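Visitor: What would the 3D arrangement of this be:
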Amino acid sequence: AAPASYLDATLARFYGVSGSQGATFEKVTWSPGERAGLLTQGALLAMLAGPVDTSPVKRGVFVLEHVLCSEIPPPPPEVEAMPPAPDPKRSTRERLEALTSPAACQGCHGVINPVGYLFERFDAVGRMRSKEANGATVDARGEVTDAGDASGAHEGAVALAHQLADSGTVRACYARQWFRFGLGRLEDAADACTLERLDERFGAARGELRALMLALIESDAFLYRRTDD
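Guide: Got it, this is the predicted structure:
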């Protein structure tokens, strides 16, 4: 949830920042409530959107799966794969709520959508906005549920980023993601102790990445491979 970034002239124009940025990168502090860390960077927001419109579903799923390590099941087979044509007079939020209102959808979208709505102040390429292209007013209220100390209702992605930055649930997920990357596989039941130790070492080091990496490469899971017998 860093309150600053490094911009050159091109990025400064993209973010709408005035100043003396040139070919080199300079530190720029964001205005309060404007942006906060990775989750509000234009590159990530653009990746988690459509060519023209935002995608609260993509953005919500990213936070749930990659930041909170939540498991989201695939859509049930009876769900219509092709959504209807969007109503140009409605906001993205209104269209998505209408599309995912059936009970068969709400099992997942009741959790996904409220997280994705928190990013609606950013358009499809990550620029800030207060209205959509059709003039609809942006509503960035949302909520994270069933995520331990990361749970809570917010307005906007900046408030979400600060909540996640102080979360033990997020810290444990971060350690879990490094485990998956370092070992090239998903964890199983036998890895529970390793994951617990990684989280403990990472927490004791106050989130220092080097401590987490050392804990990972010193673990039995990294050093040894189990045989079938």
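Visitor: Can you get me a residue count around Phe119?
Guide: As a burial measure, Phe119 scores 28 neighbours (other CB atoms under 10 Å). To be clear about C-beta, it is placed using only N, CA and C from the backbone, and glycine gets the same treatment.
Visitor: If you could redo that for Gly50, that was the one I meant.
Guide: 10.
Visitor: how far away is it from Ala165?
Guide: 28 Å (CB to CB, to the nearest Å).
Visitor: Name the SS class of the residue nearest to the spatial centre of the chain, please.
Guide: Geometric centre of the chain, nearest residue: Val63, 2.9 Å, by CA atoms, centre = their mean. Assigned by DSSP: H, G, I helix; E, B strand; the rest coil, the conformation of Val63 is helix.
Visitor: wait, what's in contact with it?
Guide: 39, 115-116, 144, 160, 164 (CB atoms under 8 Å, 6 or more residues apart in numbering).
Visitor: what's the closest non-adjacent residue to Phe122?
Guide: Leu45 (4.9 Å; CB to CB, 6 or more residues apart in numbering).
Visitor: What helix or strand is that neighbour located in?
Guide: helix 42-47 (DSSP states H and E).
Visitor: quick one: that helix to chain centroid distance?
Guide: 11 Å (CA atoms, centre = their mean, to the nearest Å).
Visitor: Buried by neighbour count: which residues of that helix qualify?
Guide: For helix 42-47, the neighbour count (16 or more other CB atoms under 10 Å) marks 42, 44-46 as buried.
Visitor: Can you check what pLDDT the model gives Lys89?
Guide: Here the pLDDT value assigned to Lys89 is 86.
Visitor: ignore the last one, Ala2
Guide: For Ala2, the model assigns a pLDDT of 88.
Visitor: contacting residues for it?
Guide: 36-37.
Visitor: residue boundaries of the strands in the chain?
Guide: 4-7, 26-29, 141-144, 152-155 (DSSP state E).
Visitor: Could I get the ones you listed in CSV, plus columns for distance to Thr194 and mean neighbour count?
Guide: Formatted as CSV, the strands of the chain follow (distance: least, CB to CB, whole Å; neighbours: other CB atoms under 10 Å):
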stretch, distance to Thr194, mean neighbour count
strand 4-7, 34, 16
strand 26-29, 38, 12
strand 141-144, 27, 20
strand 152-155, 30, 16
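Visitor: Quick one: closest of those strands to Pro56.
Guide: Counting by CB to CB, Pro56 lies closest to strand 141-144 out of the strands of the chain; the figure is 8.4 Å.
Visitor: For that closest one, give me every contacting residue.
Guide: Against strand 141-144 from outside (CB under 8 Å, 6+ apart): 63, 68, 113-118, 150-155, 160, 163.
Visitor: before we move on, the earlier item: identify the residues contacting the residue nearest to Phe122.
Guide: Taking CB under 8 Å, 6+ apart, one finds 59, 119, 122, 125-126 in contact with Leu45.
Visitor: Which of those sits closest to Leu214?
Guide: Arg59 (32.8 Å).
Visitor: ok, now which ones touch that closest one?
Guide: Per CB under 8 Å, 6+ apart, neighbours of Arg59: 45, 48-49, 115-116, 119.
Visitor: ok so, going back, what distance do you get for the residue nearest to the centre of the chain to Tyr15?
Guide: 21 Å.
Visitor: Also Phe181?
Guide: 29 Å.
Visitor: Of the two, give the one with the bigger neighbour count.
Guide: Neighbour tally, Phe181 and Tyr15, criterion other CB under 10 Å: the higher count belongs to Tyr15, 19 against 10.
Visitor: All good on my end, thank you.
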